[in-house]
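Undergrad: Requesting a structural model of the entry that follows:
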Amino acid sequence: MSRQELWRRMKRSKFFMIGAVLVILIILLSVFANQISPFDPLRQNLRSRLKAPTGEWSNYLFGGDAMGRDIFSRLLVGSQVSLQISFTVVFLTAAIGTILGIVAGYFGGWVDTVIMRFSDIQVSIPPMVLAIAVMAVLGNSIINLIAVLVFTRWVQYARVVRGSVMMIRNTDFIRASTVLGSSKLRIMFTQILPNVLTSLIIVMSQEFGRTIMTESALSFLGLGVPPPAPSWGVMIAEGREYLSTAPWVVLVPAMALMIAVLAFNFLGDGVRDVLDPKNKN
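TA: I've put the predicted structure just below:
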């Protein structure tokens, strides 16, 4: 696909344009969160406990929480935590799943059987249940959270890549490389990998929002990011008992989480529409 055709498809996809603008805005706010935040997100001020939103940038824009901490500042710094975890998990799972998918699809036989049966076992267990069980045993920390999310989310990449590899492993250019004496490792990562990148990019773009949602859900249950570190899931959990008296404590981080997930989902759908070879419009 030419650059002109790619750019034309991007501009024609409303999902892609909306998602890209929102994601770029979220990333910029996250990168410059420490400079933008008017208060220390961990500093408590009981005089501002459950303070109502003022609408003023430097004076509790979105109000204060039960400890008198500025919700706006915690929201910005919390975005760093969520995005760092999400990007780390997506790239690690993509790397692991891609390698296993290429190996399974290219070699076939017992190698494919072992990898796919292991993935079948993992798929049979609901990812959230498995994540909760593992986190309950290991304890809540960011490292453990990343490890659990990687362990529960690599299967989709492996299956997608394996399917793509099986369609191209017997094509003429692969056979020609074999005849010319190219090693199997070289064929897998210089001939096959570039041809599965489109499917891989589509899956990765759709996984960001799901990973953010899963991380927030585990943090809400007390099995994710340990407090007092600001995390959207932790903020929602801490404020739920004040929903009737100070609803902004819950609604603000919940809205931020919803917008972030929708932004990445829109971007993922847009990337799929842009890169799908069947899309001729």
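Undergrad: residues in contact with the closest residue to Val89 other than its chain neighbours?
TA: Distances taken as CB to CB, 6 or more residues apart in numbering put Leu149 closest to Val89, at 4.4 Å, once the chain neighbours are dropped. Glycine gets a C-beta too; all of them are placed from N, C-alpha and C. Contacts of Leu149 were listed using CB atoms under 8 Å, 6 or more residues apart in numbering, and they are 85, 89, 93, 131, 211, 214-215.
Undergrad: Most neighbours out of the residues you listed, which is it?
TA: In terms of neighbours by other CB atoms under 10 Å, the contacts of Leu149 top out with Glu215 at 28 neighbours.
Undergrad: Quick check: it touching Ser82?
TA: Yes: taking CB atoms under 8 Å as the definition, Glu215 is a contact partner of Ser82 at 6.1 Å.
Undergrad: Helix or strand: which one has the residue nearest to Val89?
TA: Under DSSP states H and E, the secondary-structure element containing Leu149 is helix 142-168.
Undergrad: helix or strand right after that helix?
TA: Next along the chain after helix 142-168, taking DSSP H and E as the criterion, comes helix 172-179.
Undergrad: Mind telling me which residue is nearest the centre of this protein?
TA: For the chain, the residue lying nearest the average C-alpha position, counting by CA atoms, centre = their mean, turns out to be Phe208 (2.4 Å).
Undergrad: Select the helix or strand of this protein having the lowest average pLDDT value.
TA: Between all helices and strands in the chain, the lowest mean by mean pLDDT, DSSP states H and E belongs to helix 3-12, at a mean of 76.
Undergrad: which ones are touching the closest residue to Trp57 other than its chain neighbours?
TA: Once flanking residues are discounted, Trp57 sits nearest to Pro38: 6.4 Å by CB to CB, 6+ apart. Counting by CB under 8 Å, 6+ apart, Pro38 touches 57-59, 61, 70, 72-73.
Undergrad: let's see 10 Å
TA: For Pro38, the residues meeting the contact criterion (CB atoms under 10 Å, 6 or more residues apart in numbering) are 56-61, 70, 72-73, 76.
Undergrad: again, but for Val249
TA: Val249 sits next to 50, 62-66, 71, 235-236, 238-243 when contact means CB under 10 Å, 6+ apart.
Undergrad: Between all of these, which two are separated the most?
TA: Largest separation among those by CB to CB: Phe62 and Glu241, giving 18.3 Å.
Undergrad: Specify which residue of these two has the higher count of neighbours.
TA: Neighbour comparison, Phe62 and Glu241: the larger count goes to Phe62, with 23 against 12 (by other CB under 10 Å).
Undergrad: Out of the contacts of Leu149, which is nearest to Phe264?
TA: When the contacts of Leu149 are compared for distance to Phe264 (CB to CB), Thr211 wins out at 8.7 Å.
Undergrad: I figured the closest one hits Phe264, correct?
TA: Yes: the pair Thr211 and Phe264 qualifies as a contact (CB atoms under 10 Å) at a distance of 8.7 Å.
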